[in-house]
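> next input, structure requested:
(chains A, B and C)
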Amino acid sequence: MCLAIPAQVVELRDGDNALVDLAGVKKEISLSLVENVAVGDYVIVHVGYALNKLDPEEAAKTLALFGELGQMDALDDSAALH
Amino acid sequence: MKYIDEFRDGDVARGLAEAIRREARQDRRYHFMEFCGGHTHAISRYGVSDLLPDNVRMIHGPGCPVCVLPIGRVDQAIGLALEQGVTLCTYGDCLRVPASDGLSLLKAKARGGDIRMVYSSADAVALAQKHPDKQVVFFAIGFETTTPPTAVAIKQAAALGLKNFSVLCCHVLTPSAISSILESPEVRQWGTVPLDGFIGPAHVSTIIGSRPYEFFAEEYRKPVVIAGFEPLDVMQAIRMLIRQVNEGRAEVENEFSRAVDRDGNRKAQQLVAEVFEMRKHFEWRGLNVLPYSALRIRSQFAEFDAEKRFALSYRPVPDHKACECGAILRGVKRPQDCKLFGTVCTPENPVGSCMVSSEGACAAHYTYGRYKDVA
Amino acid sequence: MTEIRKNYVRPLDIKHGQVDMAHGSGGRAMAQLIEELFARHLGNEYLAQGDDGALLPHPGAGQLVMATDSHVVSPLFFPGGDIGCLSVHGTINDVAMMGAKPLWLSAGFILEEGFKLADLACIVQSMAAAAKEAGVPVVTGDTKVVERGKGDGVFITTTGVGVVAPGQALSGRRAQVGDAILVSGTLGDHGMAIMAERESLGFESPIVSDTAALHGLIEAMRQSGADIHVLRDPTRGGLATTLNEIAKQSGVGMMLQEKALPVKPAVNAACEFLGLDPLYVANEGKLVAICAENDAEKLLAAMRAHSLGQDAAIVGRVHQDPHHFVQMTTGFGGKRIVDWLSGEQLPRIC
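Now for the predicted structure:
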């Protein structure tokens, strides 16, 4: 539940750490909880640890869903056309 | 900020608000509980309720680890600092929680306790490394999101062979809290708290996955939609819940698909399983004692268990008689229904747990929404 | 061969020396500290008088304004400034917010035994530069030393005196229904610059403190002819606290537009990391101006034309409200109140 933010990995560091960047603010965090993270990936950061990678495709899909007309609406609209 | 700003877009919000208004049936009311305190905070801070139609109401749940942290545990932390001379490391959230004898961790600091705020469990380990002459205790609170970082810290301390680092473990489990709400007499027997569905926590779910919620959806026939942290996520989840209710479904859906899948973060789960095991009982502030609802450190890592190292005993401390937090955490009452709200109990002087953390139902309402009560 | 030999055995060792109890005792060591460090950098005709108090010319017609501030900021040195220039800017601003022309400053130092002279010299030089740039000299001062462990390196108290023409003084009580609310630039820079320096929160950021003396900007705002009712600098507790104070003093309510609030992306990002709200983060080089509705655009133009007001914006309106709430329409479209700060804003995990 908890405060976590998506940030971009800009540098991999020793000891399973990485430098992440959010709008120019950089912080060193731990990658101990995740695997296969590459520079350029986005991770969810909570209390100094990456919890998971963020999936850009799913993010785009979710954004598209926000704008989607509901089924009801589509039916209403098509009914109105007739 | 990428993956943040797009999910806060006001124009898209208006579109979603319109979609929700159309999909919500006029002939009924909808009551959804957002379990997670982070969602409570987002709803209040962005004024999401203003964009919902009148017949859709949000009920604030107990998913705020600071709110459910019993006074007795804060007393233990304070005791370690003041009586045992320990260097106590804590997240910022705990500093102002009022405990017994008019103390809080912040007040204990003023009395000379060596109490340090840290951003990460790793900072506590680093502190222990840097000061081998001091006993460092990390006050570990939080749901499943915050537990893996504690597990990593303990393993790190073990690998470094640190003799001066231990953890006061107060980690709690989400499914137990959800059960207690659904099992509460008001919901189960009397049906006086109409609960049509849950908005599932965002970041807890990145760790545990969506699978654990399937039990609740089936057993109690309530839809669950896991929602991301941003206000648009919350609105979309509300829309998905309304659809499920309208269609008579009770499934687990995942709106936060960009960070959550069915299995969750296996690596994190394994680390947690390696270091922790379930406690038979644990007291939750406002919800009483719940079975199999919290974690303690396994015997293999006993030397890092502060409860063992300092032979701590637990003394439960009851809340103020007039405090309605228990009912509020279960969604049975609203902050305004509590006699103490806004008078005796304010963010400055929190009496109960719901006021203590900025995302507790009472604090959120007081800080962001009380102007509605006086209008 | 004559050589005027100084009374002192040898000059202060600025590079390697430390403050010790003798420097506060009133004797030779203290005199040396004052001459070789304070007076050397802060020097002006008033300080040079060398008496217990500074003899100043009467400022002429008008009312006197006096303001005082104690500075205990930690860390002492931060991106964009230090406790020295901060103490000069802060008090100049307090005087200027009253609508007064700042004239003179005093500076009292409480030094901790063991504090490095090199650091003290940096701080004093920074103060001197700030005072010179602002055209407001430090005319008198005091130094005390406390034992090791009883101070935080250095505490500085500055008092400022200024003059304001009769009837021209501004006050927090003067906000009126319908007035426009403006800010002179981006919010939260100073507070987040300080946070970035704090060890355990350590993050690297391009955020720099905005500490600055604002009397020049205020003069430019005056000259625009706009009918300004209130000026205040949103320091500790941020814009939210300042607006709540004014709302209470004036007996009004306020409505802000979140979209209009200027905040640098890096400040937003740093706040996100720590769970902080930029509305509650300290500023040291910004002001809030409340003016008559019709003059808002004119005032905004005057502010933007000045180097310290380039990001100025109109952020809200004053309205009638018996509860004196400061409310805000969020960027998202909903409403919330912007309440008084309870306690200190702490980084959170939830």
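> skip the chain neighbours and tell me the closest residue to the closest residue to chain C within the stretch 1-150 of chain B.
With C-beta to the nearest C-beta, the shortest gap between the stretch 1-150 of chain B and chain C falls at B:Gly47, namely 2.0 Å. From N, CA and C alone the C-beta is placed, and that goes for glycine too. Closest residue to B:Gly47 apart from its sequence neighbours, by C-beta to C-beta, 6 or more residues apart in numbering or on different chains: C:Gly334 at 2.0 Å.
> just the helices in the chain please.
This is for chain A. Along chain A, counting by DSSP state H, helices occupy A:56-66, A:71-81.
> actually chain C
C:28-33, C:40-42, C:83-96, C:117-134, C:189-197, C:215-223, C:238-250, C:265-274, C:296-304.
> tell me which residues are up against the fifth one.
Contact with helix C:189-197 is made by A:25, C:73, C:75, C:78-80, C:201-205, C:207-211, C:238, C:264, C:266-267, C:270-271, C:274, C:276, C:278, C:281-286, C:347, as judged by C-beta atoms under 8 Å, 6 or more residues apart in numbering or on different chains.
> now, those residues that are in strands?
Secondary structure from DSSP state E places A:Val25, C:Phe78 of those in strands.
> picking up where we left off before, in CSV: the helices of chain C, plus mean neighbour count.
Formatted as CSV, the helices of chain C follow (neighbours: other C-beta atoms under 10 Å in any protein chain shown):
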stretch, mean neighbour count
helix C:28-33, 17
helix C:40-42, 18
helix C:83-96, 27
helix C:117-134, 20
helix C:189-197, 25
helix C:215-223, 19
helix C:238-250, 22
helix C:265-274, 23
helix C:296-304, 19
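> report pLDDT for C:Gly60.
pLDDT recorded at C:Gly60 is 84.
> now do the contacts for it.
By C-beta under 8 Å, 6+ apart, the neighbours of C:Gly60 are C:Val163.
> neighbours of residue 63, how many?
With no chain named, the answer covers chain A. Number of residues near A:Leu63 (other C-beta atoms under 10 Å in any protein chain shown) recorded here: 17.
> wrong one, chain C
By other C-beta under 10 Å, the burial measure for C:Gln63, its neighbour count, is 16.
> state the distance from it to C:Arg173.
16 Å (C-beta to C-beta, to the nearest Å).
> any idea how far apart the tips of stretch B:239-259 sit?
Stretch B:239-259 has an end-to-end distance of 20 Å (C-alpha to C-alpha, to the nearest Å).
> next one: it to chain centre, how far?
22 Å (C-alpha atoms, centre = their mean, to the nearest Å).
> pull out the buried residues from that stretch.
B:239-245, B:250, B:252-259 (16 or more other C-beta atoms under 10 Å in any protein chain shown).
> that stretch and chain C, are they touching?
No: applying C-beta under 8 Å from any C-beta of the partner chain, one finds stretch B:239-259 separated from chain C by no less than 15.6 Å.
> just give me the neighbour total for the residue of the stretch 1-150 of chain B closest to chain C.
24.
> give me the pLDDT for A:Ala80.
On the pLDDT scale, A:Ala80 gets 45.
> who in chain C is up against chain B?
Counting by C-beta under 8 Å from any C-beta, chain C sits next to chain B at C:200-201, C:259, C:265, C:268-269, C:272, C:274, C:323, C:325, C:327, C:329-337, C:339, C:342-343, C:346-350.
> ok, of these, which come out buried?
Of the residues of chain C next to chain B, these count as buried by 16+ other C-beta under 10 Å: C:201, C:268-269, C:272, C:274, C:325, C:327, C:329-337, C:339, C:342, C:346-350.
> what separation is there between the residue nearest to C:Asp277 when sequence neighbours are not counted and C:Pro347?
Leaving aside its sequence neighbours, C:Asp277 sits nearest to C:Cys271 (C-beta to C-beta, 6+ apart; 6.6 Å). Using C-beta to C-beta, C:Cys271 is found at 10 Å from C:Pro347.
> for whichever residue of the stretch 1-150 of chain C sits closest to chain B, grab phi and psi.
In the stretch 1-150 of chain C, the residue that lies nearest chain B is C:Gly149 (12.9 Å; C-beta to the nearest C-beta). Dihedral angles of C:Gly149 (phi, psi; degrees, to the nearest 10) stand at phi 90, psi -10.
> run a quick neighbour tally on it.
9.
> check B:Tyr314 too.
So B:Tyr314, with other C-beta under 10 Å, has 13 neighbours.
> so where's chain B shaky on pLDDT?
Counting by pLDDT under 70, the ranges of chain B that qualify are B:186-193, B:371, B:374-375.
> and chain B, what are its domains?
Per the record, chain B has its domains at B:5-63+B:174-254, B:71-171+B:265-309, B:325-368, by automatic domain parsing.
> let me fix that: chain C
C:21-164, C:172-337.
> can I get those domains in JSON lines with distance to B:Pro98?
Putting the domains of chain C into JSON lines (distance: least, C-beta to C-beta, whole Å) gives the following:
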{"stretch": "domain C:21-164", "distance to B:Pro98": "26"}
{"stretch": "domain C:172-337", "distance to B:Pro98": "21"}
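> wait, isn't C:Gly188 in contact with C:Asn283?
Yes: counting by C-beta atoms under 8 Å, C:Gly188 touches C:Asn283, with 6.8 Å between them.
> neighbour-wise, which of those two wins?
Legend: neighbour count by other C-beta under 10 Å for C:Gly188 and C:Asn283, higher for C:Gly188 (31 against 28).
> tell me which residue lies nearest the centroid of the chain.
Because you didn't say which chain, this covers chain A. Computing the C-alpha centroid of chain A and ranking residues by C-alpha atoms, centre = their mean puts A:Leu54 first, at 3.7 Å.
> looking at chain C here, not the other one
Centre-most residue of chain C, counting by C-alpha atoms, centre = their mean: C:Gly90, 2.4 Å.
> contact partners for that residue?
If you count contacts by C-beta under 8 Å, 6+ apart, then C:Gly90 has C:Asp69, C:His71, C:Thr158, C:Thr211, C:Thr235, C:Glu284 around it.
> ok, C:Leu182 - contacts?
Contacts of C:Leu182 by C-beta under 8 Å, 6+ apart are C:Val288, C:Ala289, C:Ile290, C:Cys291, C:Ala296, C:Leu299, C:Leu300, C:Met303, C:Ala312, C:Ala313, C:Ile314, C:Val315.
> who does the third one bridge with?
If I follow you right, that is C:Ile290. Counting by DSSP bridges, C:Ile290 forms beta bridges with C:Ile181, C:Val230.
> quick one: it and C:Val177 touch, right?
No: counting by C-beta under 8 Å, C:Ile290 does not reach C:Val177; the two are 11.2 Å apart.
> neighbour count for these two, which is higher?
Taking neighbours as other C-beta under 10 Å, C:Ile290 and C:Val177 compare with C:Ile290 leading, 28 against 14.
> do you know how far that one is from chain A?
C:Ile290 is 31 Å from chain A, where distance means C-beta to the nearest C-beta, to the nearest Å.
> need the pLDDT of that residue.
98.
> now do the one 10 residues further on
Model confidence at C:Leu300, expressed as pLDDT, equals 98.
> quick check: it touching C:Asp311?
No: if you go by C-beta under 8 Å, C:Leu300 and C:Asp311 don't touch, sitting 11.0 Å apart.
> can you give me the strands for the stretch 51-200 of chain B?
Along the stretch 51-200 of chain B, counting by DSSP state E, counting those that start in this stretch, strands occupy B:56-63, B:87-90, B:115-117, B:136-142, B:165-171, B:197-200.
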